[in-house]
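Student: coordinates only, sequence not included:
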């Protein structure tokens, strides 16, 4: 870890080192984009694409590929909001735990109802050929919110601070991996997706899953795959238990497979997205763990990303103003607080009773 004691020198060194590593990883991924459209890549895609409906697997594929990024966002976000509202206050954390448990029930019912009313125009999703996907999604949300709520009691204050720190590093990773890296690489390489008309010479035999047909944008590299790793690798590095790491790696491999199975991406695009997402996020963890003012940096980068997506300054401006005001207020209220204490880069499980 570069930042071990929180000195200005360490902070000044951390960013140049990370940006240099990011530049190398970006360049390597961009360079290997020269080798797209290889025959083995197309043949492997056709081999992995199913010829007919496979019960259960098809539903799980659609559930994971369409909704994984949803539950990976809303559950940690809800937890970190509760953490900042109630931190270091056991009574408040018990209330936050109940709130998250209630949210789990609400989200589970909301999405579980998709099995029956997904085609009625009530929810934001469109009609699904496999409405059964909403059942496992509801169970994941229910279980995830239940587990997240219990973390307020299972983890002591120091380990909760580490988990919140990991959340902001993850937001930072999403900016560099996807908003800055993946989007730029896609535009510069410009590889059409498998189902694009540019591949009409051979893609007619691909079985299309109606719940996930993607023809527009570009394939190299897979944004779903790279963002999955950006959202999980910080926690993988922080929680040094293979009881957590092994299932996470298996889920990540399955997530990448869903993008091939649905013919949204070529296998090569998924492989290189895995490389890019994991290495960039791991370098963020090693270079910027213990970096001061991560919430400020992450939220300002989020504002910039939102503005770059729609060129409307209203929402990004509101987020930026609120973030800066909150940061200044926090600094003023803690002006006499003890000096910054770096966090250990491992999360130890231990309940508070």
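Tutor: Structure's in. What do you need? What you are looking at is a predicted structure, and each value in this text was computed from that prediction instead of being measured.
Student: show me where the stretch 251-353 of the chain has helices.
Tutor: Applying DSSP state H, counting those that start in this stretch to the stretch 251-353 of the chain gives helices spanning 267-288, 294-310, 314-333.
Student: and the first one, what does it pack onto?
Tutor: Contact partners of helix 267-288 among helices and strands, from 3 or more Cβ pairs under 8 Å, 6 or more residues apart in numbering; DSSP states H and E: helix 8-31, helix 39-48, helix 157-174, helix 223-238, helix 242-261. From N, CA and C alone the C-beta is placed, and that goes for glycine too.
Student: Can you tell me which of those is packed in deepest?
Tutor: Most buried of the helices and strands packed on helix 267-288, by mean neighbour count (mean count of other Cβ atoms under 10 Å): helix 223-238, with a mean of 24.
Student: contacting residues for the residue minimising distance to the centre of the chain?
Tutor: By Cα atoms, centre = their mean, the chain has its centre lying nearest to residue 231, at 2.9 Å. When contacts are counted by Cβ atoms under 8 Å, 6 or more residues apart in numbering, residue 231 is found next to 69, 72-73, 170, 173-174.
Student: Contacts for stretch 62-69, please.
Tutor: 128, 130, 133-134, 136-137, 209, 211-212, 224, 227-228, 231, 254-255, 258-259, 261-262, 264.
Student: In space, what's closest to residue 285 - neighbours in sequence excluded?
Tutor: Once flanking residues are discounted, residue 285 sits nearest to residue 237: 4.7 Å by Cβ to Cβ, 6 or more residues apart in numbering.
Student: so the one you found touches residue 284, yeah?
Tutor: No: using Cβ atoms under 8 Å, residue 237 makes no contact with residue 284, being 9.6 Å away.
Student: Check which element follows the helix or strand of the chain with the lowest mean pLDDT along the chain.
Tutor: Across the helices and strands of the chain, mean confidence by mean pLDDT, DSSP states H and E is lowest for helix 114-117: a mean of 81. Going down the chain from helix 114-117, the next helix or strand is helix 134-154, by DSSP states H and E.
Student: OK, contacts around residue 169?
Tutor: Listed by Cβ under 8 Å, 6+ apart, the contact partners of residue 169 are 234, 284-285, 288-289, 294, 298.
Student: Please parse this protein into its domains.
Tutor: As recorded under automatic domain parsing, the domains making up the chain are 8-288, 293-334.
Student: Of the ones you listed, which shows the lowest average pLDDT?
Tutor: With a mean of 86, domain 293-334 has the lowest mean pLDDT of the domains of the chain.
Student: Now do the SS call for residue 51.
Tutor: Classification of residue 51 using DSSP: H, G, I helix; E, B strand; the rest coil returns coil.
Student: Can you tell me how far it is from residue 208?
Tutor: With distances taken as Cβ to Cβ, to the nearest Å, residue 51 is found 12 Å from residue 208.
Student: More neighbours: those two, which one.
Tutor: residue 208 (14 against 9; other Cβ atoms under 10 Å).
Student: Residue 53 and residue 260: what is the separation?
Tutor: Taking Cβ to Cβ, one finds residue 53 at 17 Å from residue 260.
Student: Now do the same contact list for the spatially closest residue to residue 280 that is not a sequence neighbour.
Tutor: Leaving aside its chain neighbours, residue 280 sits nearest to residue 177 (5.1 Å; criterion: Cβ to Cβ, 6+ apart). Neighbouring residues of residue 177 by Cβ under 8 Å, 6+ apart: 226-227, 229-230, 276-277, 280-281.
Student: wait, which of the residues you listed is closest to residue 58?
Tutor: Distances from residue 58 to those, taken as Cβ to Cβ, are shortest for residue 227 (22.8 Å).
Student: Give me the pLDDT value at residue 350.
Tutor: Residue 350 carries a pLDDT value of 48.
Student: Please renumber the chain so that the first residue is 385 from this point on.
Tutor: In the new numbering, first residue 385, that becomes residue 734.
Student: which residues touch residue 425?
Tutor: So residue 425 contacts 650-652 (Cβ under 8 Å, 6+ apart).
Student: Repeat that for residue 402.
Tutor: The neighbourhood of residue 402, defined by Cβ under 8 Å, 6+ apart, consists of 667-668, 671-672.
Student: Which of the contacts of residue 425 sits closest to residue 431?
Tutor: Out of these, the member with the shortest distance to residue 431 (by Cβ to Cβ) is residue 651, at 9.3 Å.
Student: Hmm, residue 410 is touching residue 567, no?
Tutor: No: using Cβ under 8 Å, residue 410 is not in contact with residue 567, being 11.7 Å away.
Student: what about residue 630, distance to residue 657?
Tutor: Remark: distance between residue 630 and residue 657 (Cβ to Cβ) = 21 Å.
Student: for stretch 706-721, which positions count as buried?
Tutor: Neighbour counts over stretch 706-721 (16 or more other Cβ atoms under 10 Å) mark 707, 711 as buried.
Student: swap in stretch 437-449?
Tutor: Within stretch 437-449, the residues that count as buried by 16+ other Cβ under 10 Å are 442-449.
Student: Please apply the same query to stretch 561-573.
Tutor: Neighbour count says stretch 561-573 has 561-567, 569-570, 573 buried, by 16+ other Cβ under 10 Å.
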